[in-house]
Structure formats: structure tokens, C-alpha cells
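>>> prediction below, plus the sequence it came from.
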Amino acid sequence: MNLADIRLETERLILRPIQREDFDAWADFMGDAESARFFGGAQSRPIAWRGFLTMAGAWTIQGYSMFSVIEKASGRWIGRIGPWVPEGWPGTEVGWGLAREATGKGYATEAAEASIDWAFANLGWSDVIHCIDPDNVNSAQVATRLGSRKLRQGSMPLPSGDMSCDIWGQSREAWFARRR
């Protein structure tokens, strides 16, 4: 799989593997206390760089990771959304995180739908989950719009510090039945 050939398009967004030029916007996103609140809090640029390289490395080693989300109208990097399954993760996740200025526009749902379609078509997953902080009402609303339901409570593995989360999700069959 050539990473340069992976590109998803929705009506308003482009989703593609992370590229070096995404880092400044990534660092701003992860440095913003409100945007990073449910990802463990604001990060310095050096810590954000390590997380950025983790996502980029996942693309290289696994052949998938979260996509960079680019707003078509402006060409701006506005977030990361896509498949994410590090060692010890509670399942095959499509997760999301958007820069503050990109929230409330339906972008998370739009990009997550494309990502879930891509994951089911290309990764052979039988289900999809979303690990959501119990206080993250907006992400729970996105999960609901995607047709997911709260399945159970769980916890995030280290290095997330064993944070509790609600695990939302649905089967491949439920996803495609809803999409029809």
C-alpha cells in the first residue's frame, strides 16, 4: 500500500495520512487546553511532536492510523480522525479530535463516516468502537449520529494513566444496515 495513494474525500473534507507540514497545526491543536481536554490535556510542542510521530509511524508500520483532516474550502489542517488501535487498546477504534475552530460544523461526523467506511473496506474489521470520556458530551453526540451506542465502561491503557472511558460502538453489519 502506497501511503501517497490513500486519500478520502467527502463533500467538505479531505482525509489523508499525516504529512510533515501538518505538524504546526497539530501542535497548536494539542497545545490548546480546550481542544486537548479529553486527550490528557494540553501538550508542549516536544510532547506533541512525539504523538505526531506515533501516528505517522502507525501509518508506516500498520498501514493505517488517524487521517489528517483538511478543510477543502480553506486548505487548513483541522484535526485527526480515523482508525486507531495501539497495543492494549480496548478494540478497533475510529476516533476523532478537531481543532476548536472546526467544531460544531458536522465535520467530525462527516470524517468519521468516511473513516469507518474505509476501515471496514480495507482493514477487515468486524466492529468499530469509540473511546469517549464520560464528560465529553459532544463526542457522545457524534457517536450517536454515527449509529453507535454505549456498549460498556472501560479504561484506556498506559500511557493514558488508566483513564476511564465509555466505549461506544457497533458491528460491521449494523453499520452497513444503517448506511443502506
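Structure received.
>>> Thr60: how many residues sit nearby?
Residues contacting Thr60 under the criterion other C-beta atoms under 10 Å number 10. The way it works is simple: take the backbone N, C-alpha and C, and place the C-beta from them, glycine included.
>>> phi, psi for it please.
phi -70, psi -40 (degrees, to the nearest 10).
>>> who's in contact with the residue lying closest to it once chain neighbours are set aside?
Spatially, and ignoring its direct neighbours in sequence, Thr60 is nearest to Leu3 (7.6 Å; C-beta to C-beta, 6 or more residues apart in numbering). Going by C-beta atoms under 8 Å, 6 or more residues apart in numbering, Leu3 touches 17, 59-60.
>>> what do you get for Ala48?
23, 26-27, 30-31.
>>> how near is Asp166 to Ala140?
According to C-beta to C-beta, to the nearest Å, Asp166 stands 7 Å off from Ala140.
>>> overlap in contacts, these two.
Taking C-beta under 8 Å, 6+ apart as the contact rule, Asp166 and Ala140 both touch 132, 150.
>>> can you read off the pLDDT for Arg179?
Here, the pLDDT recorded for Arg179 equals 83.
>>> now the residue of the chain most remote from its centre: how far from Leu15?
The outermost residue of the chain relative to its centre, with distances by C-alpha atoms, centre = their mean, is Arg180 at 23.6 Å. For Arg180, the distance to Leu15 equals 23 Å [C-beta to C-beta].
>>> sorry, back to before: what's the spacing between the residue nearest to Thr60 and Phe67?
If you go by C-beta to C-beta, the gap between Leu3 and Phe67 works out to 11 Å.
>>> repeat for Lys105
Counting by C-beta to C-beta, the gap from Lys105 to Phe67 is 17 Å.
>>> the more surrounded of the two?
Comparing Lys105 with Phe67 by neighbour count (other C-beta under 10 Å), the higher total belongs to Phe67, at 28 against 13.
>>> so what's the more buried one closest to, chain neighbours aside?
Going by C-beta to C-beta, 6+ apart, Phe67 has Leu15 as its nearest residue, at 3.8 Å.
>>> that neighbour contacts Ala114, doesn't it?
Yes. Using C-beta atoms under 8 Å, Leu15 is in contact with Ala114, at 5.9 Å.
>>> common neighbours of the two, please.
Overlap between the contact sets of Leu15 and Ala114, as judged by C-beta under 8 Å, 6+ apart, is given by 8-9.
>>> between those two, tell me which one has more neighbours.
Leu15 (24 against 21).
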